[in-house]
Each structure stands twice: as C-alpha cells, then as structure tokens.
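Q: Sharing a model prediction with you, sequence too.
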Amino acid sequence: VANEGGKHWTVNEVRALIRIWSDKNIQQQLEGTVRNKRIFEQVAARLQKFGIDRDWKQCRTKYKNLKHEYKSVKSAQDSGSTSKSMKFFNELDAILGHCTMEQASKSDNDESERPPEWREAKSEKDSVG
C-alpha cells in the first residue's frame, strides 16, 4: 500500500535510481541546486522507462537517504571504524567519493590555478593547526 512514505524500494529499483544518478549530467544538475524538483521529475521519468513507478518526491527522498547513509558510513570508515557498512556503498562511492576533489577543481576560486599537490599540502597544514 502506497502511503506518504511509499512502498519499500526493491534492490532493482535502487540500482536503477543509482544508475540514473551516476549520469554526469544529472550529477552536475544536483550539485548546482537546492531546488531540485525538476531534476527529480526527470529521474522519475527515466525510472518509468525501466517500468519503475516512483514519483519525484519518492526519488528525492531515496536519494537523500542514500546520500546520508553513504556519508555516515564514509565518515565512520575515515575514522577507522569498519563496523558500519551499507548495501550500495561501492556504487555510491563511485558517484560521491570523487565529488569533493571535482568540486574543488571546478570552483572558480584560486584553488583551481594551483597544481593538485599544493592543494593536498595545504589541507595537511590546515589539519595540524
């Protein structure tokens, strides 16, 4: 029964969502905006082509939940813990794991003018202080 929360996503539905999400075009649109209803309407329309009936709100909620879960597992791993894991971690890591460096090089501040090794040296210096 589809209530406000909707029915549970199947593994195949989540895989399809991640496949669409991994599209560079979709990623760039999502990075650039907070008001993203239009983007998730596109995502829902693409899921429809796979025979998956989800509305944009369900897609956005699932996207947010996956992203949140990924970030908490990632930060647990970064702090040395291996107890946390999630089903689609590797798929999400392929999408989200490189975002931070990409955003740094894409942004129009002076970081992009510097060679990558400088950026790494700078972040090490920051963490010491």
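A: Yes, it's here.
Q: Pull out the buried residues from the helix or strand hosting His68.
A: Per DSSP states H and E, His68 falls inside helix 56-78. Buried positions in helix 56-78, judged by neighbour count with 16 or more other Cβ atoms under 10 Å: 56, 58-63, 66, 69-70, 73-74. In this view, the C-beta of every residue, glycine as well, is placed from N, C-alpha and C.
Q: From the chain's centroid, how far away is stretch 61-78?
A: Stretch 61-78 sits 8 Å away from the centroid of its parent chain (Cα atoms, centre = their mean, to the nearest Å).
Q: on that earlier part again, now the helix holding His68: mean pLDDT?
A: Mean per-residue pLDDT for helix 56-78: 95.
Q: Contacts made by the helix or strand following that helix with the rest, please.
A: Counting by DSSP H and E, the next helix or strand C-terminal to helix 56-78 is helix 89-96. Here helix 89-96 makes contact (Cβ atoms under 8 Å, 6 or more residues apart in numbering) with 15, 18, 21-22, 27, 66-67, 70-71, 73-74, 86.
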